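A.B. asks: Return atomic coordinates for the entry below.
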Amino acid sequence: MSDQNPDDTGVWNPPASEPSWFTPSKRLPRPDARVWPPPEPEPLGSSTVPIPVISDGAAPRQAWPPSGTPARGAQFGGAPARVAPPAGPPVGGAPVSTSAAPRPAPAAPTSRRRRRRPMPKTSKVGLQLFGAVALTAALLGVKGYDETTRYHRDSPAPQVRHVTQGQAAALGNAKWRLLDVAAMAHQPQDTPDRVILQIELEATALNAEGKYYTSSLPGFYMADKSGRTWLAQATKTPKELLPGVPGRFTLLSAVPTELVNQAELMLWPSEYEGRLEQGPVLRFDR
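C.D. replies: Presented below is the predicted three-dimensional model:
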């Protein structure tokens, strides 16, 4: 133990001449390695390590060597591969060309749906014009139907009330009675196909509003059985129409000669209702 030389720290330090596992060995210094820029790539063909073939489990694919090139085994000293000799001409037949014949192009798949031919321009324009005309006619028809419906709704049908000959009937603010219908004594010569009828009509006011019939005349018309009408104009009216006091109206109307004995007087409450032929109306029988 005399050769032990502990230091001041109390740790045993063996002599330098004696190796010890406590003392680590010195590492030799290494030269600096180049990390950037990367070294120049090696030229092609300089690598001596064969590149492994990555296979997916299937048999390796080998291309058929071109004509005049020895087989793979012959290149590396192996047995030459067997190459089939070119087929000769058949016995007793024409020689077969060794050049490869071009393959025919695959036929286009036939479509089940037949392609439609484009419509000519004239047919297309005619179809558009026909559609426009049909649409316009439909719109006009709908508009006409709407106006007719509105007219019948706003214009009620005439309410005809027949009055027996010689009887009086009330209409509006007066009571009316037909006195006489006859041809006028002096007929005009310029209308031989027509006859002027003179109508005498009596009116009696029912209230104070009846006096306005002298200025605001009712609607006077002569009509036949088929519905045709002719206007009757008042040539003479009473000066005033008082309640309970009869007044006399003289009317003139030109009707066809063959309807002189058939035309009947129709009385509307006003000229406006007479033109529209709506509302209540008195028809005096003859």
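
A.B. asks: Model confidence for P90, exactly?
C.D. replies: Reported pLDDT at P90 in the predicted model: 52.

A.B. asks: can you tell me how far K211 sits from K26?
C.D. replies: Here the criterion is Cβ to Cβ, to the nearest Å. By it, K211 lies 150 Å from K26. For every residue, glycine as well, the C-beta is placed using N, CA and C.

A.B. asks: Of those two, which one has the most company?
C.D. replies: K211 (17 against 6; other Cβ atoms under 10 Å).

A.B. asks: The more buried one and R248, how far apart?
C.D. replies: 15 Å.

A.B. asks: Please apply the same query to A132.
C.D. replies: 62 Å.

A.B. asks: Do you have the strands of the stretch 51-200 of the chain handy? List them.
C.D. replies: Assigned by DSSP state E, counting those that start in this stretch, the stretch 51-200 of the chain shows strands spanning 159-163, 168-171, 174-183, 194-205.

A.B. asks: which of those sits most buried?
C.D. replies: strand 194-205 (a mean of 19; mean count of other Cβ atoms under 10 Å).

A.B. asks: Tell me the strands beside the very next helix or strand once past that strand, with direction?
C.D. replies: Sequence-wise, the next helix or strand downstream of strand 194-205 (DSSP states H and E) is strand 219-223. When sheet partners are counted by DSSP bridges, strand 219-223 sits next to strand 229-231 (antiparallel), strand 264-268 (antiparallel).

A.B. asks: Give me the angle between strand 219-223 and strand 159-163.
C.D. replies: With axes from the mean of the first three to the mean of the last three Cα atoms, to 10 degrees defining the directions, strand 219-223 sits at 70 degrees from strand 159-163.

A.B. asks: And the average pLDDT for strand 219-223 is what?
C.D. replies: pLDDT averaged over strand 219-223 gives 95.

A.B. asks: Touching that strand from outside, list them.
C.D. replies: Outside strand 219-223, the residues that touch it by Cβ atoms under 8 Å, 6 or more residues apart in numbering are 197, 199, 201, 229-234, 249, 251, 253, 255, 263-275, 283.

A.B. asks: just to revisit the earlier point, most packed of the strands paired with strand 219-223?
C.D. replies: strand 264-268 comes out most buried of these by mean count of other Cβ under 10 Å, with a mean of 22.

A.B. asks: May I have the distance across stretch 222-236, first residue to last?
C.D. replies: 17 Å (Cα to Cα, to the nearest Å).

A.B. asks: buried set for that stretch?
C.D. replies: The neighbour-count criterion (16 or more other Cβ atoms under 10 Å) identifies 222-223, 230, 232 as the buried residues of stretch 222-236.

A.B. asks: Looking at the residues you listed, which one is closest to R116?
C.D. replies: Closest approach between the buried residues of stretch 222-236 and R116, by Cβ to Cβ: A223, at 64.2 Å.

A.B. asks: Contact partners for the closest residue to the closest one other than its chain neighbours?
C.D. replies: The spatial neighbour of A223 that comes closest, neighbours along the chain excluded (Cβ to Cβ, 6 or more residues apart in numbering), is T229 at 4.5 Å. Neighbouring residues of T229 by Cβ under 8 Å, 6+ apart: 221-223, 266, 277.
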